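Trainee: using only what follows, build the 3D model:
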Amino acid sequence: MLNTPTKPVSGSPSANASSAPTVPVDEYIGDIRGGLKPEIRHPKTQRVRNPFRHLAWPISLFMVLLLMPPETSVNLGGLRLSPYRLLLMIGILMAAARLMSGRCGRLIATDWLIFAHCGWVLISLFKYGGIITGLETGGIYGLEATGAYLLARVYIRNAVDYQAMVKLHLLLILGLAVVVIPEAVTGIHFTRELASAVLGGPSPGFMDQRLGLERAFGPFEHPILMGVFCASALGGAIMVLGLGKISLGNIRRAVLVGIATLMSVSGGPIVAFAAQGALLAWEYVTRSIRGRWHILMGGVAFVYVAIDMLSNRNPFLIFVQYLTFSQGSAYNRVLIWNFGTDEIARHPIIGIGMADWIRPAWMSSSVDNFWLLTAMRFGLPALFLLLAAIGALLWAMARRKNDDPAFQHCRLAWAITMISLTVVGITVHFWNAIFVLFFFLIGSGAWMATVPNQLRGVAAPVMGGPRR
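Mentor: Sure, this is the predicted structure:
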């Protein structure tokens with residue numbers, strides 16, 4: 001609980017609250033009189049009822065278009081243009097203009113690192129296929145990565161925006177659950193088969209049952225993508241919508257996200273859900289402990305080192321073996337790791353582009369590891385730049401000394417979500433809609449890197465009205 005602030009300085013926004021308009025946190029500059037900052041109470045954060053009414057239209061439309069089945073894509077000159085790609089072609093120009101205008105504050109380190117990552121990818125693809133291939137493939141990569149990041153970066157600017165985004169994500173999962181639960185039980189892929197019948201294209205391929213359930217696709221190309229889309233909402237649903245409390249509402253949210261994730265019957269999404277659950281539990285039971293996150297990081301590091309010293313296998317390989325549904329799948333991931341790291345050793349700087357990688361003839365070309373494939377295709381610099389972008393944003397958030405509960409809930413939710421996706425990226429690959437969602441979620445936390453350091457009643461209000 002926050003302490004009641006002392007009497008406001010005369011002439012401060014708090015003292016004139018009845019007449020002065022609310023000023024957004026990223027635009028507020030407090031007057032300094034006699035060396036004192038004006039003291040302002042933290043207002044109760046506005047609760048979003050209708051996210052469509054609050055969010056800027058590019059954000060709402062983008063999130064809905066992520067659920068359009070692949071059959072809705074059109075081919076133009078060899079390029080596949082999905083509905084969300086068409087939106088990003090317009091959105092990236094709007095977002096870039098808004099960012100360069102200064103309306104979203106200064107550029108932060110993560111902005112430059114995302115731009116550098118996409119630039120390095122472009123260099124790698126130029127080397128692989130020349131100018132034409134580089135522009136086509138690299139252009140699509142940049143459009144999806146930079147476009148999705150910038151869209152969230154410029155249109156999610158405060159705690160209420162973030163809350164609205166999380167609520168829309170949860171509503172979309174609710175709609176998905178209505179489809180994927182019957183799909184997993186009956187084996188009829190309703191969305192994909194209907195889209196295929198109306199628009200043409202092949203139906204989803206056959207997959208073996210797991211746990212007595214069919215693996216639900218929903219509107220995605222693979223059950224893993226559906227599962228990751230659902231699992232990635234847990235941290236925000238509990239911390240932002242449910243304020244991190246043990247409540248009936250949070251139980252309902254967790255059950256909804258958990259059941260929808262389970263319908264994918266995929267190890268990676270379930271790991272993402274479990275990782276967030278574990279971090280949320282740690283956050284709840286250690287609230288009175290100072291340095292609790294340092295303790296957790298130290299404990300994880302100790303366990304890793306202990307496994308590395310006491311086992312004759314790499315800790316990564318042990319992690320993969322015990323967090324997959326079948327031994328065959330685990331063995332395949334071990335082989336992917338071994339041959340993939342060999343490929344990186346041969347091409348550490350630029351990578352192999354979109355070329356095939358060296359492996360036994362009987363192995364599939366699929367690489368079920370987002371981070372490994374990024375390094376294989378585009379080189380270690382591309383991998384390190386992307387990881388640095390996430391790390392720099394997490395570091396900037398951690399340095400913000402702001403006791404506004406809304407900010408703190410959003411910061412924890414973003415960190416828990418991104419840590420879980422970083423972990424699950426070791427066991428699955430992000431592509432198409434989930435690749436775009438991943439960069440969008442990175443950008444959704446950028447506003448927290450520039451929140452002023454304000455403690456104990458000296459923070460500007462974090463408010464937000466409906467976007468037009």
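Trainee: from here on, just use CA atoms for contacts and neighbour counts.
Mentor: Noted.
Trainee: can you get me a residue count around the nearest residue to residue 179 once chain neighbours are set aside?
Mentor: Nearest residue to residue 179, sequence neighbours excluded (Cα to Cα, 6 or more residues apart in numbering): residue 218, at 6.7 Å. Residue 218: 28 surrounding residues under other Cα atoms under 10 Å.
Trainee: same deal with the one 3 residues further on?
Mentor: Using other Cα under 10 Å as the criterion, residue 221 is surrounded by 19 other residues.
Trainee: just give the closest residue to it, not the sequence neighbours.
Mentor: Spatial nearest neighbour of residue 221, excluding adjacent residues (Cα to Cα, 6+ apart): residue 70 at 6.9 Å.
Trainee: so the one you found sits against residue 217, correct?
Mentor: No - taking contacts as Cα atoms under 8 Å, residue 70 lies outside contact range of residue 217: 11.4 Å.
Trainee: these two: who's more crowded?
Mentor: More crowded of residue 70 and residue 217, by other Cα under 10 Å: residue 217, with 26 against 22.
Trainee: so who does the residue nearest to residue 221 touch?
Mentor: Counting by Cα atoms under 8 Å, 6 or more residues apart in numbering, residue 70 touches 82, 219-221.
Trainee: between these, which is closest to residue 98?
Mentor: Among those, residue 82 lies closest to residue 98 (Cα to Cα), at 24.4 Å.
Trainee: next, the closest one: phi, psi?
Mentor: phi -80, psi 160 (degrees, to the nearest 10).
Trainee: count the neighbours of it for me.
Mentor: Neighbours of residue 82 under the rule other Cα under 10 Å: 21.
Trainee: and it, how close does it get to residue 140?
Mentor: To residue 140, residue 82 is 11 Å away according to Cα to Cα, to the nearest Å.
Trainee: residue 81 versus the residue nearest to residue 221, what's the distance?
Mentor: From residue 70 across to residue 81, the span is 10 Å (Cα to Cα).
Trainee: make sure residue 436 is indeed in a helix.
Mentor: Yes - membership of residue 436 in a helix is supported by DSSP: H, G, I helix; E, B strand; the rest coil.
Trainee: tell me, how many residues neighbour it?
Mentor: Residue 436 has 22 neighbours, counted by other Cα under 10 Å.
Trainee: do the one 10 residues further on as well
Mentor: Neighbour count for residue 446, taken as other Cα under 10 Å: 30.
Trainee: mind listing what it touches?
Mentor: Contacts of residue 446 (Cα under 8 Å, 6+ apart): 110, 153, 393.
Trainee: please apply the same query to residue 151.
Mentor: So residue 151 contacts 58-59, 91-92, 95, 440, 443 (Cα under 8 Å, 6+ apart).
Trainee: centre of the chain to the least confident helix or strand in the chain by mean pLDDT, how far?
Mentor: Using mean pLDDT, DSSP states H and E, the weakest-scoring helix or strand in the chain turns out to be helix 315-322, at a mean of 74. Offset of helix 315-322 from its chain centre (Cα atoms, centre = their mean, to the nearest Å): 24 Å.
Trainee: for it, packing partners?
Mentor: helix 292-310, helix 327-346 (3 or more Cα pairs under 8 Å, 6 or more residues apart in numbering; DSSP states H and E).
Trainee: alpha carbons of that helix, as CSV, please.
Mentor: Below are the C-alpha coordinates for helix 315-322, written out as CSV (Å, rounded to 0.1, in the frame of the first residue of the first chain):
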residue,chain,number,x,y,z
PRO,A,315,21.8,-29.0,-19.1
PHE,A,316,20.0,-27.9,-22.3
LEU,A,317,19.7,-31.5,-23.5
ILE,A,318,18.3,-32.6,-20.1
PHE,A,319,15.8,-29.7,-20.3
VAL,A,320,14.7,-30.8,-23.7
GLN,A,321,14.4,-34.5,-22.8
TYR,A,322,12.1,-34.0,-19.8
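Trainee: by how many degrees do it and helix 292-310 diverge?
Mentor: Using axes from the mean of the first three to the mean of the last three Cα atoms, to 10 degrees, the inter-axis angle of helix 315-322 relative to helix 292-310 is 90 degrees.
Trainee: and for the strand or helix carrying residue 372, what's in contact with it?
Mentor: Per DSSP states H and E: residue 372 is located in helix 370-378. Applying Cα under 8 Å, 6+ apart, the external contacts of helix 370-378 come out as 120-121, 124-125, 337, 340-341, 343-344, 347-355, 367, 380-383, 425-430.
Trainee: quick one, which of the residues you listed are buried?
Mentor: Neighbour-count burial (16 or more other Cα atoms under 10 Å) applied to the contacts of helix 370-378 gives 120-121, 124-125, 337, 340-341, 343-344, 347-353, 367, 380-383, 425-430.
Trainee: among the contacts of residue 151, which are in helices?
Mentor: Judged by DSSP state H, the subset of these located in helices is 58-59, 91-92, 95, 440, 443.
Trainee: and which of those residues is nearest residue 131?
Mentor: Residue 131 has its nearest neighbour among the ones in helices among the contacts of residue 151 in residue 92, at 22.2 Å by Cα to Cα.
Trainee: thinking that closest one is in contact with residue 147, fair?
Mentor: Yes - under the criterion of Cα under 8 Å, residue 92 makes contact with residue 147 at 4.7 Å.
Trainee: who has more neighbours, those two?
Mentor: Per other Cα under 10 Å, whichever of residue 92 and residue 147 has more neighbours is residue 147, with 28 against 20.
Trainee: so who does the more buried one touch?
Mentor: 88-89, 91-92, 95.
Trainee: repeat that for 10 Å
Mentor: Residues counted as contacts of residue 147 (Cα atoms under 10 Å, 6 or more residues apart in numbering) are 85, 87-96, 140-141, 153, 436, 439-440, 443.
Trainee: give me the phi and psi for it.
Mentor: Residue 147 adopts backbone torsions of phi -60, psi -50, taken as degrees, to the nearest 10.
Trainee: equivalent analysis for residue 422, please.
Mentor: Here is the backbone geometry of residue 422 (degrees, to the nearest 10): phi -60, psi -40.
Trainee: shouldn't it be in contact with residue 387?
Mentor: Yes - the pair residue 422 / residue 387 is scored as a contact, 8.8 Å apart, by Cα atoms under 10 Å.
Trainee: for the residue nearest to residue 221, give its distance to residue 260.
Mentor: Between residue 70 and residue 260 the distance is 20 Å, computed by Cα to Cα.
Trainee: what of residue 50?
Mentor: Residue 50 is 22 Å from residue 260, by Cα to Cα.
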